[in-house]
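> Below are the sequence and a predicted model; questions follow.
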Amino acid sequence: MATLSFHRTRLPRLCFLSYRQIRAFAMPVVAEYVGRADIEVVDGTFGGALEIARDRIARGTVDAFVSAGSNASILRAGLEAPVATIQLGGFDLLQALIKARRISSRVGVVMYGQTIPELDAVKDLLNIEITQYAYQTPDDARQQFEMLRRDGFEVIVGSSLVVELAEEAGLHGLLAYSLASIRKGFEDAIELARVARLEAGRYEQLNGVLHNLQEAVLAVNRDNCIIAVNPPMQELLGTPHRPLLGQRLDLVEPELSLQPTLDTGTEERASVQRYARRDWIANRTPIREHGEIVGAAITLYDARKIQEADTSLRMQQRRHQNAAKHGFASLIGQSPAFVRAVNTARRFARTDLGVLIAGESGVGKELFAQAIHNDSARADRPFVAVNCASFPETLLESELFGYEEGAFTGSRRGGKRGLFETAHTGTLFLDEIGDMPLSLQTRLLRVLQEREITRLGATAPIPVDVRVIAATHQPLEEMIAARRFRQDLYYRINTLRLSLPALRERGDDIAVLAQAHVERCLHRLGSRIDAGAALAALLPQFLACDWPGNVRELENISERVAVFLLQFDRVEDIRYDELRHDCPELFERHLPGTQPLRERVLEAVRLADGNRQRAAKQLGVSRSTLWRWLREFEFEADRS
């Protein structure tokens, strides 16, 4: 192997790989380019040319290759580097045949690739006998040359390999290339080198940017050859020290193929990729220049880190809006029925099973739900509460399951995640589940079974990890019989059942609760009057009331009592008779069973002239509770 080098700094670096004959023939042209390119001239034969070229690429000493015939074909097929081919032109071959005609009227032609049909017309024009063959391998060339030699041909026109065979056999060999063709090959190589350097500069900038990214990133050119790869991706591929630039991605790692992206130009976002026994979120993006696809890139995000970030974000949001504020320490009472309920709830908190809390309106179902959550393994995760009776059916559906952008008129741009997604890894409290429409009961049952939700307007399900605590004041068993509640959903939510006693069943707790609530309100309002002493005269009234609104009603009346007490500085100055106007419930002495709840509710609505808000305030309950009572009364009337 002979090597010649014409060196200039910062010039295009070319490697001229050829057989000895074409190398010697091309030397005058090589000398012409001394000022324009740094050219290494290497004698390389068929199989050896590829090994030589790969060595130059590995050493980083070449921008483009120049070669002809079989060598050029081998280099183009085996390298991911620019290769300029010295083309055989028709005029070149005609000149060679004219030279051959001066020596003999019979000329053999052996070229790489395929025969040239146009030679049949030329031989008549030149009055010459031409026999031609084409070869694919050196052995083919030798066999065809031997056939010509045995047939008596003394002049052979062809490639460098064929000329070498002719000279070794003592025949005339004429190279079928011209200096003009070689010169054109070098011009093409210089242009290829220039483009390669521009791309290399871009790739170096790209690699510089990617080097500082934590995500695993890799980019390929339009031929699916790696042009950029950052350290995290190298580590993931298990090749931290192996050079990957210039190699085909489908050979390095078929699982990360970008060929479909190159073929279709379609961007793929947030797809789940299982690779190296881990889950990744993959983005595949085409790279375009002037509207044309010139490459593609893949970015892998560690799914575990995304989940951790998602959990952190959810926890941050939880601290602002989705927090369970109450624990078991917030639950006040020592009556046997209440203590049994608290002990049961503490046991339930140690499990991750669903809970159905049953009890009348106002007994503190949500407080118990929050206490269970805060005493469970999900305590540091979101607690999300929704009252199923406070939303119209369509709105409740979007609140629970969320929606995609454009799912319905007026939907938020970008869509909205529902309460199930918001409560992911935490607890979702479904208050008044008995008031949930049947159609939503079906969807809820599927979510509880499949542990995944589908947003309105979407097709892909989203996995959710949520503990559901449901609550109701309604007799669900009777509703099942009346086909107003799904039996299968009832069995799904009734895994653990917690029954909370009504306040009238907790007579020992009424005085304690009243004092605690009045004391808390007085402190908030800035009053220093002794709550216990101030309430002593009112305890008979508190104990005599039947409390249809339970603890919620007691809290409301306690608030009114505290506001009434604000006008007095001393207990001795309190004029209790005046409280009759603010809290008539305390003076009506409605002992349990003396006046049915229905009669009392309807009377309050009548006295309020049908104004439900005033009636609810008079009863000491919320508007939604009053609305439910009225609806129940209508249902009972229909059944009767």
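Nice, thanks for sending it over. Numbering: from 1, shown residues only.

> CA atoms for contacts and neighbours, from now on please.
Fine.

> tell me the mean pLDDT over stretch 109-118?
Mean per-residue pLDDT for stretch 109-118: 81.

> Which residues does that stretch contact?
69-70, 130-136, 141, 144-145, 156-159, 162 (CA atoms under 8 Å, 6 or more residues apart in numbering).

> List only buried entries from these.
69-70, 130-135, 141, 144-145, 156-159, 162 (16 or more other CA atoms under 10 Å).

> Show me the contacts of stretch 109-118 that map onto strands.
Ile130, Thr131, Gln132, Tyr133, Ala134, Tyr135, Ile156, Val157, Gly158 (DSSP state E).

> how close does the last one get to Pro82?
Look at Gly158 and Pro82: by CA to CA, to the nearest Å, they are 25 Å apart.

> What of Pro548?
Distance, Pro548 to Pro82, by CA to CA: 88 Å.

> More neighbours: which of those two?
Counted by other CA atoms under 10 Å, Pro548 and Pro82 do not tie: Pro548 has more neighbours, with 25 against 21.

> would that one count as being in a helix?
No: counting by DSSP: H, G, I helix; E, B strand; the rest coil, one finds Pro548 to be coil, located in no helix.

> mind checking pLDDT for it?
Pro548 is given a pLDDT of 87.

> Please enumerate the helices of the stretch 401-550 of the chain.
419-422, 438-450, 476-481, 487-493, 507-525, 531-536, 539-544, 550-565 (DSSP state H, counting those that start in this stretch).

> which strands and helices sit next to the second one?
Looking back up the chat, that one is helix 438-450. Packing contacts for helix 438-450, counted by 3 or more CA pairs under 8 Å, 6 or more residues apart in numbering; DSSP states H and E, involve helix 487-493.

> Nearest to Ala502 among the ones in strands among the contacts of stretch 109-118?
Of all the ones in strands among the contacts of stretch 109-118, Tyr135 has the smallest distance to Ala502: 100.4 Å, by CA to CA.

> Show me the residue at the heart of the chain, geometrically.
Compute the mean C-alpha point of the chain, and by CA atoms, centre = their mean the closest residue is Ala270, 3.3 Å away.

> could you list every residue that touches that one?
Ala270 sits next to Ile281, Ala282, Asn283 when contact means CA under 8 Å, 6+ apart.

> got the buried residues for the helix or strand hosting it?
Per DSSP states H and E, Ala270 falls inside strand 268-275. Buried residues in strand 268-275, counted by 16+ other CA under 10 Å: Gln273.

> what's downstream of it, the next helix or strand?
Next along from strand 268-275, by DSSP H and E: strand 278-289.

> Run through the strands of the stretch 101-250 of the chain in chain order.
106-112, 129-135, 155-158, 172-175, 216-221, 226-229 (DSSP state E, counting those that start in this stretch).

> which residues touch Ser257?
Leu249, Asp250.

> CA atoms only: put stretch 391-406 into PDB for me.
What follows is stretch 391-406, C-alpha atoms only, in PDB (Å, rounded to 0.1, in the frame of the first residue of the first chain):
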ATOM      1  CA  PHE A 391     -73.900  19.300  41.200                       C
ATOM      2  CA  PRO A 392     -76.200  18.800  38.100                       C
ATOM      3  CA  GLU A 393     -75.500  15.400  36.500                       C
ATOM      4  CA  THR A 394     -73.500  16.700  33.500                       C
ATOM      5  CA  LEU A 395     -71.400  19.000  35.700                       C
ATOM      6  CA  LEU A 396     -70.800  16.200  38.300                       C
ATOM      7  CA  GLU A 397     -69.500  13.900  35.500                       C
ATOM      8  CA  SER A 398     -66.900  16.400  34.300                       C
ATOM      9  CA  GLU A 399     -65.900  17.300  37.900                       C
ATOM     10  CA  LEU A 400     -65.300  13.600  38.700                       C
ATOM     11  CA  PHE A 401     -63.600  12.400  35.500                       C
ATOM     12  CA  GLY A 402     -62.300  15.600  33.800                       C
ATOM     13  CA  TYR A 403     -62.500  16.400  30.200                       C
ATOM     14  CA  GLU A 404     -60.300  17.000  27.100                       C
ATOM     15  CA  GLU A 405     -60.200  20.300  25.300                       C
ATOM     16  CA  GLY A 406     -63.200  20.800  23.100                       C
END
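
> got the residue ranges for the strands in the stretch 351-500 of the chain?
So, for the stretch 351-500 of the chain - with DSSP E, counting those that start in this stretch - the strands run 355-358, 383-387, 427-431, 452-453, 462-463, 467-472, 496-499.

> Arg598: which of those is closest?
Among these, strand 467-472 comes nearest to Arg598, with 19.1 Å by CA to CA.

> what's next to the closest one, contact-wise?
Strand 467-472 has contacts (CA under 8 Å, 6+ apart) with 352-360, 365-366, 369, 425-434, 493.

> From the residues you listed, list the buried ones, please.
Using 16+ other CA under 10 Å as the burial test, those include 354-360, 365-366, 369, 425-434, 493 as buried.

> Could you check how far the nearest residue to Ala460 once chain neighbours are set aside is from Val468?
What sits nearest to Ala460 in space, not counting adjacent residues and going by CA to CA, 6 or more residues apart in numbering, is Thr454, at 6.4 Å. Using CA to CA, we find Thr454 at a distance of 17 Å from Val468.

> Look at the two and report which has more neighbours.
Neighbour totals were compared for Thr454 and Val468, and Val468 leads with 22 against 18 (other CA under 10 Å).

> which residues does the more buried one bridge with?
On the basis of DSSP bridges, Val468 is bridged to Leu428.

> same check, this time on the one 4 residues further on
Going by DSSP bridges, Thr472 is paired in beta bridges with Ala358.

> Distance of it relative to Leu395?
Separation of Thr472 from Leu395 (CA to CA): 20 Å.

> higher neighbour count, these two?
Neighbours per residue (other CA under 10 Å) separate Thr472 from Leu395, with Thr472 holding more: 20 against 11.

> That one and Arg451: what is the separation?
Distance from Thr472 to Arg451, counting by CA to CA: 22 Å.

> Please apply the same query to Thr266.
Counting by CA to CA - Thr266 and Arg451 are separated by 32 Å.

> Relative to Leu175, which of the strands of the stretch 351-500 of the chain is closest?
Leu175 sits nearest to strand 462-463 of all those, at 70.3 Å, using CA to CA.

> burial count for the residue lying closest to Arg101 once chain neighbours are set aside?
Excluding its sequence neighbours, the residue lying closest to Arg101 (CA to CA, 6+ apart) is Ile128, at 6.8 Å. Ile128 has 18 neighbouring residues, counting by other CA under 10 Å.

> same check, this time on the one 10 residues further on
Using other CA under 10 Å, Pro138 has 16 other residues around it.

> same deal with Thr495?
Neighbourhood size, Thr495 [other CA under 10 Å]: 12.

> Would you check that it makes contact with Leu356?
Yes: counting by CA atoms under 8 Å, Leu356 is a contact partner of Thr495 at 7.3 Å.

> Sweet, I'm off.
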